[in-house]
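Undergrad: Sequence and predicted model, in that order:
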Amino acid sequence: MKVVMKKTYVSFNALLKSVFLISSPALVVLGFDVFLEVLSLPQMIYAYAVIFIATGMLIYPFLSNVSSLTYYVNEIAQDKRVAAPDLSFLGSAAELSQALRKLQSSWDVKKKQMETIITEREILVDTLPDILIMVNDEKKIVRTNRAARAIFGQNLAGKQLKDVIGSAYLIDAIGSVINDLKGREIEFRIEDPVVRDFLAIIERFPVPTAGGISTVITMNDITELKAVEQMRADFVANASHELRTPLASIKGFVETLLGPAKDDEPARIEFLKIMLEQSDRMQQLIGDLLSLSKIEMNIHSVPTEPMDLSHVLRKETETLKRLAAEKNVRLVLNMHDNLPQVKGESNELAQVVHNLVSNAIKYGHADSDVTIGAKVTSELPQDINMRNLTRVVALSVRDQGDGIPKQHLPRLMERFYRVDSARTRQVGGTGLGLAIVKGIVQRHRGAIVVDSVVGEGTCFTVYLPIYES
């Protein structure tokens, strides 16, 4: 872009003043000549007028150059782009013009470097995964990064922090840091619009910045971490409880057999049957715990080999016919012809089919159907994370039972979560079957969806990636 130097003018007052100052010595000499009667007064006036006009004509270009130089320096001082002036009438002062031109060029380079650094730092701050909020001593937000705006909304600058984050504990901690000049690390929770847990590190600058920033709050969203910790604690507590119950039962029966029922043959036979059932329950629970542990350990190892899902479905359906016959439940297998292979591990997907079908038998009504379906589909639910695939295999298991109330569906696949604890124990469940199914499906990078209508039944649909050779 061509930059043009603005044309500058010398004011009449400045010109008049300068000419008078320069010509004043000549005026004194002429006055002295009049005093000595060398010149008459009219001659003096005429001579001075000539000197005055000539002086003005001579100094005007120099004054113009000085005016241009002054304008040029002022423009540079205001960080404006302007062409260097022509100072040809200033003679050696032209070197000053050249020096100023170099200064402007150097300043432009440094300015671009500084703008680049500032831009890079802004990008770096904005792309940090941690939430960053900067406030002044009045706890008013000065600046935020993208992570903060994603959670707390746009246009946060200028707002009071307490109006954005409703945590009195955080606000009090920031006040303490501002007053004591000593950083703090705290955990706090906000309830609105959803429950979130945060770990915040609060640091105070010794001196506020030119922009007014005095305190920086770095926040990590630890909601999921807290949830995992709670799930782990619940898992240990539930596993201990599930193991303790049959152990206590077996111990009680053993003590009874060694004591009052020592010679009671019918009681001994009955107690031994119950002890065998409790032992089987513990064995099943331990087996499920080991399966779940193995699945979670291999969650990042994605199966890539082809696997014939139709073979697994036929085999598991045949295996479960005896269990179904005990309730007079009919297993209906409905598969598309030439079902493509999926990416998977046959033993684990067999466990998925077994758990889903056995659950459907257990919780379905007697004299009803359990329908097992498999087909290729491109219609995926909007809320599942397989949108990069256009075609998948959908495996569905539908029962005709009591159905599951809507409020239980989000937690249905949590470990040991039971809609009806008494009924689960009655049908012999450990509370881990669906958690195992979910873990296997996640390892296969698939998805699982539950649809249920109270009084009509429940349908589990598993979506699996098709094997592409």
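TA: Perfect, thanks for sending it.
Undergrad: Spell out, range by range, the helices that occur in the stretch 101-250 of the chain.
TA: 146-152, 161-164, 168-180, 223-258 (DSSP state H, counting those that start in this stretch).
Undergrad: Give me the contact list for the first one.
TA: By C-beta atoms under 8 Å, 6 or more residues apart in numbering, the residues outside helix 146-152 that reach it are 126-133, 144, 156, 164-165, 196, 219, 221. C-beta here means a position set from N, CA and C on the backbone, and glycine is covered the same way.
Undergrad: swap the cut-off to 7 Å and go again
TA: Applying C-beta atoms under 7 Å, 6 or more residues apart in numbering, the contact partners of helix 146-152 are D126, T127, L128, P129, D130, I131, L132, I133, L156, V164, I165.
Undergrad: Restricted to strands, list these.
TA: I131, L132, I133 (DSSP state E).
Undergrad: Just among those, which is most surrounded?
TA: When neighbours are counted by other C-beta atoms under 10 Å, I133 leads those with 25 neighbours.
Undergrad: Quick check: closest non-adjacent residue to that residue.
TA: I217 (4.6 Å; C-beta to C-beta, 6 or more residues apart in numbering).
Undergrad: where's that neighbour relative to R204, distance?
TA: Plainly put, I217 is 10 Å away from R204 if you go by C-beta to C-beta, to the nearest Å.
Undergrad: More neighbours: which of these two?
TA: I217 (24 against 20).
Undergrad: doesn't A200 make contact with the more buried one?
TA: Yes. In this structure I217 lies within contact range of A200 using C-beta atoms under 7 Å: 5.7 Å.
Undergrad: For the stretch 251-400 of the chain, just list every one of the helices.
TA: Under DSSP H, counting those that start in this stretch, the stretch 251-400 of the chain gives helices at 265-297, 309-319, 321-326, 346-363.
Undergrad: that older thread, quick check: bridge partners of the residue nearest to I133?
TA: I133, I202 (DSSP bridges).
Undergrad: where's it relative to E379, distance?
TA: I217 sits 45 Å away from E379, going by C-beta to C-beta.
Undergrad: per-residue confidence at I171?
TA: Looking at I171, its pLDDT reads 90.
Undergrad: Toward the C-terminus, what is the element adjacent to the helix-or-strand element of the chain with minimal mean pLDDT?
TA: Lowest by mean pLDDT, DSSP states H and E among the helices and strands of the chain is helix 421-426, with a mean of 51. Using DSSP states H and E, the next helix or strand after helix 421-426 towards the C-terminus is helix 433-443.
Undergrad: what's the angle from that next one to helix 223-258?
TA: 140 degrees (axes from the mean of the first three to the mean of the last three C-alpha atoms, to 10 degrees).
Undergrad: Show me what the helix or strand just after helix 433-443 pairs with in its sheet, parallel or antiparallel.
TA: The helix or strand immediately downstream of helix 433-443 is strand 447-453, counting by DSSP H and E. Here strand 447-453 has these sheet partners by DSSP bridges: strand 457-465 (antiparallel).
Undergrad: what sits up against the partner strand?
TA: Residues contacting strand 457-465 (C-beta under 7 Å, 6+ apart): 342-344, 352, 356, 364, 380, 384, 386, 389, 392-401, 403-404, 441, 444-452.
Undergrad: what's the model's confidence in that strand, averaged?
TA: 91.
Undergrad: That strand to helix 309-319, inter-axis angle?
TA: Using the same axes, to 10 degrees: strand 457-465 against helix 309-319 is 150 degrees.
Undergrad: orientation of strand 457-465 relative to helix 346-363 in degrees?
TA: 170 degrees.
Undergrad: ok, N220 - how many residues close by?
TA: Residue neighbour count, defined by other C-beta under 10 Å, stands at 16 for N220.
Undergrad: Contact partners for it?
TA: D130, F198, L199.
Undergrad: Please tell me how far the nearest residue to the second one once chain neighbours are set aside sits from L181.
TA: The one in question is F198. Once flanking residues are discounted, F198 sits nearest to M219: 4.8 Å by C-beta to C-beta, 6+ apart. In this view, M219 and L181 are 20 Å apart by C-beta to C-beta.
Undergrad: Burial-wise, tell me which of the helices of the stretch 251-400 of the chain comes out on top.
TA: Per residue and on average, the most neighbours among these fall to helix 346-363, with a mean of 21 (mean count of other C-beta atoms under 10 Å).
Undergrad: where's the residue nearest to I133 relative to D367, distance?
TA: 63 Å.
Undergrad: now do P246
TA: Distance from P246 to D367, by C-beta to C-beta: 32 Å.
Undergrad: what about those two, which has more around it?
TA: P246 (19 against 10).
Undergrad: from memory that one sits against M282, does it?
TA: Yes. The criterion here is C-beta under 7 Å, and P246 meets it with M282 at 4.9 Å.
Undergrad: Between those two, which contacts overlap?
TA: If you check P246 and M282 against C-beta under 7 Å, 6+ apart, no residue is contacted by both.
Undergrad: picking that back up, give the PyMOL command for selecting the buried subset of the contacts of strand 457-465.
TA: Remark: buried members of these, expressed as a PyMOL selection using 16 or more other C-beta atoms under 10 Å:
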select buried, resi 342+343+344+352+356+364+380+392+393+394+395+396+397+398+399+400+401+403+404+441+444+445+446+447+448+449+452
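Undergrad: how much space between A360 and S368?
TA: Distance of A360 to S368, given as C-beta to C-beta: 9 Å.
Undergrad: who touches the residue nearest to F198 in this structure?
TA: Counting by C-beta under 7 Å, 6+ apart, M219 touches D130, I131, F198, L199, A200.
Undergrad: Kindly report the same for D337.
TA: For D337, no contacting residues are found, by C-beta under 7 Å, 6+ apart.
Undergrad: what about it, distance to R314?
TA: In terms of C-beta to C-beta, D337 sits 13 Å off from R314.
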